[in-house]
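Enquirer: with the sequence up front, the predicted model follows.
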Amino acid sequence: MTRVLYPGSFDPITKGHMNIINQASDLFDEVVIAILKNPYKNNSLFTVEERMDMISNLYSRMNNIKVISSSRAAVDVALLHECKAIIRGLRSLSDYDYEVQLQQINKDMSNDRINTICLFADKEYQFISSSMVKEVMRLGKDLSKYVDPSIEKSMILKRKDIYDRF
C-alpha cells in the first residue's frame, strides 16, 4: 500500500487543495490529509477541530482519504503514519523555489526515507490560496468559485459571527 501525506493549514480548504487531493487519491492507495498547527500563525479563521470536521465531511464517501491533525513537523507526521512521500501542490514558479528547499530539508530530516511529490493544480485553481479566499470573504464577495458549497456556508456563518460583533 502506498500512503502519502498532504500537509497544510487548510484554513480554509479551497478548490485548489481539493484538486490536489483528488489527483493524489487517483495516484496513491491512501492520502493522509494532515492539518498542521502552525505556532507562528495566530490569525486562523477556523479552529483545527472545525477544519477537521469540514474536511472529513467533504471526503466522507472516499475510503482512501484520512484526515488527521498534528503540531509536529510534516516530515515527522509522514514517518509516524508510514507515508512514502509528502504531497505538495504547486501554483507558480515562486512555489517551486520554496518547495525545492523544503523537500531537501524533509529528505535530510527523514534520513532519505521521505520523498516529496509535487502536483500541479489544474489551471482554473492555480491562483487560489486560502489567504486570498479569506480576503474575498472579508469583502463579502462570492466564494463559490474558490471553495466547495459546504465550506462557503461555513465561511459565511463565520463571517457573520466575526463582523456582527462590531
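Expert: Sure thing, it's come through.

Enquirer: mind jotting down where the helices sit in the protein?
Expert: Per DSSP state H, the chain has helices spanning 15-27, 48-58, 74-80, 93-109, 130-138, 149-163. These are given in chain order.

Enquirer: can you give me the buried ones in the first one?
Expert: For helix 15-27, the neighbour count (16 or more other C-beta atoms under 10 Å) marks 15-25 as buried. C-beta coordinates here come from the backbone N, C-alpha and C atoms, glycine included.

Enquirer: also the third one?
Expert: Neighbour-count burial for helix 74-80 flags 74-75, 77-79 (criterion: 16+ other C-beta under 10 Å).

Enquirer: mind putting those residues into a markdown table with pLDDT and distance to C118?
Expert: Compiled in a markdown table, these are given as follows (pLDDT from 0 to 100; distance: C-beta to C-beta, whole Å):
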| residue | pLDDT | distance to C118 |
| --- | --- | --- |
| A74 | 96 | 14 |
| V75 | 97 | 16 |
| V77 | 98 | 18 |
| A78 | 98 | 15 |
| L79 | 98 | 20 |
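
Enquirer: and the furthest pair within these?
Expert: The most widely separated members of the buried residues of helix 74-80, counting by C-beta to C-beta, are A74 and L79 (9.8 Å).

Enquirer: quick one on the thing from earlier: so which of the helices of the chain gets nearest K41?
Expert: Nearest to K41, of all the helices of the chain, is helix 130-138, at 10.5 Å by C-beta to C-beta.

Enquirer: can you add distance to R3 and give the helices of the chain back as JSON lines?
Expert: Rendered in JSON lines, the data for the helices of the chain read as follows (distance: least, C-beta to C-beta, whole Å):
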{"stretch": "helix 15-27", "distance to R3": "11"}
{"stretch": "helix 48-58", "distance to R3": "17"}
{"stretch": "helix 74-80", "distance to R3": "9"}
{"stretch": "helix 93-109", "distance to R3": "16"}
{"stretch": "helix 130-138", "distance to R3": "25"}
{"stretch": "helix 149-163", "distance to R3": "25"}
